[in-house]
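**Student:** sequence unknown, structure follows:
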């Protein structure tokens, strides 16, 4: 937008705003802060030597800083003495008001006649509400000497020729600058063309109009700056609408505007919503013409072509497609406004498609749909050969995935060779394509887990034209094999190892790979746990024996063997065999005696002389009850124990065992019985 532009002002707008805003914002307020100073209201009469007011011929304005007592005279104001004086005052006041008015719009001669004849504000009619006129006529004073941010109080006195003073007004305390408390303006609507833009804001119902300043940003770049535009107010029912008209816009350029309302004295309110507009009329942009759909037999798909007569207001084009003329349209893609064609390579053969175009404007506007056109893709070109991946055996046979290489693929045909025939043979019907990857399962009952098969696939187009063969893959079915279960397992303790032997199973299965040995510990009084693999790796198929050198002395073990074939299939566990390396059994103590005493039953026994003895364990029980351990005594302690947890008249039985450092417990020693 050009920066050097004229500022068009409607005088009626300014005068009406002055009337309404002054009525709202002055009231009983004598002093009012503005952007550059403080305005002081003097009175409704215009004192002068010709029209004295209560003997006074001028207003004396005095000022004091808030909180201080001293009043300082700052000005003396009376009505203008002549037409030239009134004119010069008007010219000066135009530099003191927020919204100056061209001098040729003011009826200066008429206003001077009214001032000189009546000496009263009321005689000026609606012009008495225009701030510049009030200053020039002597009804108001602008204090430009006040300091920013300092609070002042003013008093207005009538001064006569005899220097008699009469207090007319005592002001409120005021400072400047001020922020006007005005309703926020909200963006309402816009009218745009290539030659001008018009935008409207509203302050809501029941709000009066205010002067305002417009700010603009060109092309979404740079900062906002004040802009001289045609401004106007309109009223609809009880709402005021603020309007601007910018006629110096550049066609198809983007602009952002916002308004800042002002009060009577030029104090700014809060900024309005920002309006985003473009210098064009999107509803007048012609829709695409000359739309056609052409079948592409060589490359595949349908080509849609069109012509656009105006692309400057467009941001993009959207292509929509459906198989139904009236409904179900889905957007295929967004294109540049400069595009004049699009190839729909997702079109399926032998399907009739309908297309239309929707234009999107620079600011996101959407046009109505264009005219609809239709076409059908027909092709007899052989599709590209597919690819096979992920081939693997399954418990039921073979499974692999087919990767489509062509959007024209409809079905697949599967071929197989088991090595007994010279060529691949068709082994499937039409396998429907599912998305880009199709899974095929060959569960034929003729498949064997001992053979490897060759597979290849051909794609089939909509017109039943077959592609070439895919690469060949080789895979063995995962059909279960059954290696023989080892027989004749024996386990024998020899020294510090347990030797295992079983029958050689190679004559029963040529695919035998080896053996796995398992072991579990048999604990007295406990259920045996699960078998745990003992050999770290497969034993070779020709090794039908194994030495367990990890067996611990005194423990009893259960062993089993499993055969494994070359396909890693395992046989069932063999019948188990048990063996263990016996431990040295400790000798139980002897000479156990029991004596009933006042404090309980005293147990005593003889010392056992045996290497590696760790403790003696004393047990007690009653008939029909399970023995419980009541004491543990080391061999180096006194070999006796007082059982003070007995009852008189009860019969008790006692016995001892020995435990060595390996934790092996002896058999029961001699048992004694005694009644307390």
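**Tutor:** Cool, got the structure. For clarity, every value in this text was computed on a predicted model and none was experimentally measured. Residues are numbered from 1 along each chain as shown.

**Student:** so residue 73 touches residue 62, yeah?
**Tutor:** Yes. Using Cβ atoms under 8 Å, residue 73 is in contact with residue 62, at 5.1 Å. For every residue, glycine as well, the C-beta is placed using N, CA and C.

**Student:** And these two? Which one has more around it.
**Tutor:** Higher neighbour count among residue 73 and residue 62: residue 62, with 17 against 11, using other Cβ atoms under 10 Å.

**Student:** Look at residue 87 and tell me its secondary structure.
**Tutor:** Here residue 87 is recorded as helix under DSSP: H, G, I helix; E, B strand; the rest coil.

**Student:** what's the spacing between it and residue 114?
**Tutor:** 15 Å (Cβ to Cβ, to the nearest Å).

**Student:** Between those two, point out the one with more neighbours.
**Tutor:** residue 114 (20 against 17).

**Student:** quick one, domains of this structure?
**Tutor:** 34-170, 186-280, 283-376, 387-475, 490-580, 593-675 (automatic domain parsing).

**Student:** Using a markdown table, lay out the ones you listed together with distance to residue 179 and mean pLDDT.
**Tutor:** As requested, these are arranged in a markdown table below (distance: least, Cβ to Cβ, whole Å; pLDDT from 0 to 100):
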| stretch | distance to residue 179 | mean pLDDT |
| --- | --- | --- |
| domain 34-170 | 10 | 92 |
| domain 186-280 | 6 | 92 |
| domain 283-376 | 32 | 93 |
| domain 387-475 | 64 | 88 |
| domain 490-580 | 85 | 89 |
| domain 593-675 | 93 | 91 |
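
**Student:** Mind putting those into TSV with distance to residue 180?
**Tutor:** As requested, these are exported to TSV (distance: least, Cβ to Cβ, whole Å):
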stretch	distance to residue 180
domain 34-170	10
domain 186-280	4
domain 283-376	32
domain 387-475	65
domain 490-580	88
domain 593-675	97
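
**Student:** mind listing the helices for this protein?
**Tutor:** 11-25, 83-93, 108-118, 131-137 (DSSP state H).

**Student:** Packing partners of the last one?
**Tutor:** Identification of packing neighbours for helix 131-137 by 3 or more Cβ pairs under 8 Å, 6 or more residues apart in numbering; DSSP states H and E yields helix 83-93, helix 108-118, strand 140-143.

**Student:** Give me the contacts around the second one.
**Tutor:** Taking Cβ atoms under 8 Å, 6 or more residues apart in numbering as the criterion, the residues outside helix 108-118 that touch it are 46, 50-51, 79-80, 83, 86-87, 90, 123-124, 127, 133, 137.

**Student:** One more pass at 7 Å, please.
**Tutor:** 46, 50, 79-80, 83, 86-87, 90, 123-124, 127, 133, 137 (Cβ atoms under 7 Å, 6 or more residues apart in numbering).

**Student:** May I see the buried residues of it?
**Tutor:** Neighbour counts over helix 108-118 (16 or more other Cβ atoms under 10 Å) mark 108, 111, 112, 114, 115, 116 as buried.

**Student:** Mind putting these into a markdown table with distance to residue 429?
**Tutor:** Putting these into a markdown table (distance: Cβ to Cβ, whole Å) gives the following:
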| residue | distance to residue 429 |
| --- | --- |
| 108 | 103 |
| 111 | 104 |
| 112 | 109 |
| 114 | 107 |
| 115 | 109 |
| 116 | 113 |
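
**Student:** Quick check: the residue lying closest to residue 552 once chain neighbours are set aside vs residue 575, distance?
**Tutor:** Distance criterion Cβ to Cβ, 6 or more residues apart in numbering; nearest residue to residue 552, sequence neighbours excluded, is residue 581 at 7.3 Å. Remark: distance between residue 581 and residue 575 (Cβ to Cβ) = 22 Å.

**Student:** Can you pick out the residue with more neighbours from the two?
**Tutor:** residue 581 (18 against 13).

**Student:** Run through the residues that contact that one.
**Tutor:** By Cβ under 7 Å, 6+ apart, residue 581 lies in contact with 493, 496, 498, 551, 553.

**Student:** which of these sit farthest apart?
**Tutor:** The two members of the contacts of residue 581 with the most space between them (Cβ to Cβ) are 498 and 553, at 11.2 Å.

**Student:** Comparing those two, which residue is more hemmed in?
**Tutor:** residue 498 (23 against 13).

**Student:** re the thing from before, nearest to residue 651, out of the helices and strands packed on helix 131-137?
**Tutor:** strand 140-143 (123.5 Å).

**Student:** packing partners for that closest one?
**Tutor:** strand 38-41, strand 72-77 (3 or more Cβ pairs under 7 Å, 6 or more residues apart in numbering; DSSP states H and E).
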